[in-house]
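J.: Kindly generate the corresponding structure for this input.
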Amino acid sequence: MLFTIDKAKKIIEKEIEKHTFGEHPNELYEPIRYIMSIGGKRMRPILMILSYRLFNEDLKKCIKPAIAAEAFHNFTLMHDDIMDDAPLRRGKPTVHEKWDVNTAILSGDVMLVKTYELLLTVEKKYLHDFLHLFNTMAARVCEGQQMDMNFEKREDVTLDEYMEMIKRKTAELLAFCMEAGALLAGADSKNRQLLKDCGYHAGIAFQLMDDLLDLYGDAHIFGKTVGGDIVANKKTYLLLTALSRAKENDKEKLKQLLSLDGIYAEEKIKEVKKIFDKLEVRTITELKINEYFEKAFQCLRKTEASMMHKNQLKKYLETLSNRNQ
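T.: Model (predicted):
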């Protein structure tokens, strides 16, 4: 039977549905089942499965580790949403909004524990290396989150610093999923590194897309409040690009707009967007996104694996990037 992305997603959804994570007390585990059930692209487990399939078509040894990657991702979202005071996630109330902050913290904590339980299903000969990759990735994701929070208090953040932050906070997990999939399939170090690099480049591109969609996306499709990054004064690629290109008048106006509080949210978003449009920030960001996707595809092309399976992985990344070429 032909293996498709839809089939991969169905396998993942079925595994998630049958995994309760725990039963009692219900107040601890229900938020985990909630955040795991409200959708999302399931990009990370799909990337692990597709990377695994480059070298091994028997998926049995890959499914639970792939679910672990998705559980870890959702654990980080649960805690990130608290830090950002975000009201929506995938168009649904965030866990701390639906329950409360303390429940979201504690449910997130046990979610990480349950993630490690899933990781222990990894084949023994790969377990040590797999856990080392996972722990390194998890620490770097936390480092990226701390950098992001530090940036909120700084006015001198550079584009280079921002790119390093998103490499850790966002791209690290995608790179892990692709390298780990290859590891579980028995790939050699050269091919593992190529897929890791592919994940890094794709992850950076996806975060830049996230920055772009926050302002230029459709709220119903994106599942978040449009302009939320501007209201929260987040240092994004768009804002830092605008500040680096703006002449003194526009730079001062941007800084004034950033000082406005929440009661001026709509006006703030509208005026900042005008400056972004004037400075062609959207076009610059789109070009940078395409640049990083092309770097990802170059790494994938160099991978020594079935052309058919490589094309499937490439097409999946293209679908996520809305690219047709």
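J.: Can you pull out the low-pLDDT segments for the stretch 201-325 of the chain?
T.: 219-225, 323-325 (pLDDT under 70).
J.: quick one: the strands in it?
T.: Using DSSP state E, counting those that start in this stretch, the stretch 201-325 of the chain contains no strands.
J.: Helices of that one, residue ranges please.
T.: For the stretch 201-325 of the chain, the helices defined by DSSP state H, counting those that start in this stretch cover 219-222, 228-231, 237-245, 248-258, 265-278, 281-302, 307-321.
J.: can you list contacts of the longest one?
T.: What that stands for is helix 281-302. 194-195, 197-199, 201-202, 204-205, 208-209, 211-212, 216, 237-238, 241-242, 245, 276, 310, 313-314, 317-318, 321, 323 (C-beta atoms under 8 Å, 6 or more residues apart in numbering). (C-beta placed from N, C-alpha, C; glycine too.)
J.: now the second one
T.: Residues outside helix 228-231 that contact it (C-beta under 8 Å, 6+ apart): 86, 211, 214-215, 225, 234, 236, 238-239, 262, 265, 268-269, 272-273.
J.: Angles on the backbone of residue 259, please.
T.: The phi/psi pair for residue 259 (degrees, to the nearest 10) reads phi -80, psi -10.
J.: cool, residue 88 as well?
T.: Dihedral pair for residue 88: phi -130, psi 150, per degrees, to the nearest 10.
J.: measure it to residue 146 for me?
T.: Note on residue 88: its distance to residue 146, by C-beta to C-beta, to the nearest Å, is 24 Å.
J.: Could you do residue 270 as well?
T.: In this view, residue 270 and residue 146 are 32 Å apart by C-beta to C-beta.
J.: ok, now residue 139?
T.: Residue 139 is 11 Å from residue 146, where distance means C-beta to C-beta.
J.: now swap in residue 206 and tell me
T.: From residue 206 to residue 146 the distance is 21 Å (C-beta to C-beta).
J.: Which of the two has more residues huddled nearby?
T.: The neighbour comparison of residue 206 against residue 146 (other C-beta atoms under 10 Å) goes to residue 206, with 23 against 13.
J.: Quick check: residue 37 vs residue 95, distance?
T.: 12 Å.
J.: before we move on, what about residue 272?
T.: Here the criterion is C-beta to C-beta. By it, residue 272 lies 29 Å from residue 95.
J.: between the two, who's got more neighbours?
T.: Taking neighbours as other C-beta under 10 Å, residue 272 and residue 95 compare with residue 95 leading, 27 against 24.
J.: That one touches residue 33, doesn't it?
T.: No. Using C-beta atoms under 8 Å, residue 95 is not in contact with residue 33; the gap is 10.8 Å.
J.: Now for the two: what residues contact both?
T.: Residues touching both residue 95 and residue 33 (C-beta under 8 Å, 6+ apart): there are none.
J.: and the angle for the helix or strand harbouring residue 182 with helix 281-302?
T.: Assigned by DSSP states H and E, residue 182 belongs to helix 172-184. For helix 172-184 against helix 281-302, the angle between stretch directions is 10 degrees (axes from the mean of the first three to the mean of the last three C-alpha atoms, to 10 degrees).
J.: Count the residues that sit near residue 98.
T.: Residue 98, neighbours per other C-beta under 10 Å, totals 15.
J.: What are the boundaries of the strands in the stretch 51-200 of the chain?
T.: Listed in chain order, the strands of the stretch 51-200 of the chain (DSSP E, counting those that start in this stretch) span residues 88-89, 92-93.
J.: Of the helices of the stretch 201-325 of the chain, which is nearest residue 106?
T.: Ranking those by proximity to residue 106 (C-beta to C-beta) places helix 228-231 first, at 25.6 Å.
J.: What segments of the stretch 51-200 of the chain are helices?
T.: Using DSSP H, counting those that start in this stretch, the helices of the stretch 51-200 of the chain run over residues 63-84, 95-98, 101-119, 124-152, 159-166, 172-184, 189-216.
J.: would you list these in TSV and tack on distance to residue 251?
T.: Converted to TSV, those look like this (distance: least, C-beta to C-beta, whole Å):
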stretch	distance to residue 251
helix 63-84	26
helix 95-98	35
helix 101-119	37
helix 124-152	18
helix 159-166	15
helix 172-184	32
helix 189-216	18
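J.: Residue 28: which of these is closest?
T.: Of the helices of the stretch 51-200 of the chain, nearest to residue 28 by C-beta to C-beta is helix 101-119, at 5.8 Å.
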